[in-house]
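Engineer: Quick one, fold the following:
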Amino acid sequence: MSLPALTAVICFANEGEEVEITVQGLRDTCGDDIDILLINDASDDRRDYETVADRYGCRYLLNENQIGPAHSRHKGASWAKTENVIFLDAHMRFYERGWHIIVNEMIAQNPTTLFCTKSKPLKPGGEPSGAPTGHGASMIFMADDFNAALKPDWNIYPLEGAGPAYVPCVLGGNYAVNRDFFLSIGGYRGLHRYGGEEALISIKTWLAGGNCQLIRDVEIGHIYRDGRGAPWKDKVKYFHFNKLATAEILFDAQEKAPYFKLLDALPEGKSAKQVFDSRRSFVHSARKVFQSVKRHPMAYFHELNDAFRRKESITPEA
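Structural biologist: Below is the predicted model of the structure:
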């Protein structure tokens, strides 16, 4: 049997029956044409996820201690044996057979592109929530509140035309990319534990000479979390840290300084900065790797992002 072209990297913690439902959906719509890598991030709900992996022919990895989705997904890309990877959450629904063929064809034609699909919001159990479908995203850079700053902002308006469309930022819990390109720009290096992957990898892709695109011909359902939020420990603190790390990796001193100042107003600000101080060398290492492959200044991304937010079509620089 030939090796599939696509690996689905699924990191999860305490997702219960949703892991099997997601994996079964992948097998029902993609068959054996997709390699599935399940990364159990130290779940403690006593579910037998390894048996689920065996039942559906998945590779299975267990983190003895929780390291979070960013690090797990980066490891998953490193362990993938295929040309392409798609990072998926563990609570997804798939609607059309062969959607992975479209994804692989898009990546083959655009090996320096980061793709997302349309994202259909679902309620727990998998029924449509009634919320608008997501069509990629743009970035909100500065705001009065640190929580609203340096954050992807859903685009809920269909983009005109057929085939893929350029977007500043991917969003929706499903991101597909050529594995070698992802690793060459440093992937999620510098992030820690939980949060912020979309902003970092999207901006890095554009600045490294690639681009982000929405695959309009594929829609994937995503059960968005309720008020309890994600099942990772100290998620708020690390989400804040990952914003600081993103600013440090991407921005010059003048542009990153306001984010550090904004954080001071939050009760979690001190602990997030302590994490940053403890991991400063890792963040600086990630910045060094990215700066070595960077081809465009931040002003290039700002121009694209601002145009998209004005509802103008955008294209990468030739």
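Engineer: Residues contacting the helix or strand encompassing L38 from elsewhere in the structure, which ones?
Structural biologist: Assigned by DSSP states H and E, L38 belongs to strand 34-41. Among residues not part of strand 34-41, those counted as contacts by CB atoms under 8 Å, 6 or more residues apart in numbering are 3-4, 6-13, 19, 23, 26-27, 49-50, 52-53, 56-63, 66-69, 72-73, 75-76, 79-82, 100, 232. Where you see a C-beta, it was placed from the backbone N, CA and C, and this is true even at glycine.
Engineer: neighbouring strands for it, and are they parallel or not?
Structural biologist: Sheet partners assigned to strand 34-41 using DSSP bridges are listed as strand 6-12 (parallel), strand 59-63 (parallel).
Engineer: Give me the residues contacting the shortest one.
Structural biologist: If you take CB under 8 Å, 6+ apart as the criterion, strand 59-63 is touched by 35-42, 49-50, 53-54, 72, 75-76, 79.
Engineer: Can you flag the buried ones in those residues?
Structural biologist: Buried by 16 or more other CB atoms under 10 Å: 35-42, 49, 53, 72, 75-76, out of these.
Engineer: Please settle this for me: is E317 part of a helix?
Structural biologist: No - when DSSP: H, G, I helix; E, B strand; the rest coil is applied, E317 is found to be coil, with no helix at that position.
Engineer: Tell me the pLDDT of M1.
Structural biologist: Predicted confidence (pLDDT) for M1: 47.
Engineer: most residues in a single helix of this protein, which one?
Structural biologist: Of all segments of type helix in the chain, defined using DSSP state H, the longest is helix 235-250.
Engineer: what's that one packed up against?
Structural biologist: Packed against helix 235-250, as judged by 3 or more CB pairs under 8 Å, 6 or more residues apart in numbering; DSSP states H and E, are the following elements: helix 197-207, helix 253-263, helix 269-278, helix 280-293.
Engineer: Check which residues of it are buried.
Structural biologist: Judged by neighbour count (16+ other CB under 10 Å), helix 235-250 contains these buried residues: 236-250.
Engineer: Need the mean per-residue confidence for it.
Structural biologist: Average pLDDT, helix 235-250: 93.
Engineer: now it, how far from the chain's geometric center?
Structural biologist: Put simply, helix 235-250 sits 14 Å off its chain's centre (CA atoms, centre = their mean, to the nearest Å).
Engineer: Over to stretch 201-219?
Structural biologist: Relative to its parent chain, stretch 201-219 has a centroid offset of 11 Å by CA atoms, centre = their mean.
Engineer: just stretch 268-278 next, same as before
Structural biologist: Using CA atoms, centre = their mean, the distance from the centre of stretch 268-278 to the centre of the chain it belongs to is 23 Å.
Engineer: Quick check: buried residues in that stretch?
Structural biologist: 268-269, 271-273, 275-276.
Engineer: what about D32, neighbour count?
Structural biologist: Other residues near D32 come to 10 when the count uses other CB atoms under 10 Å.
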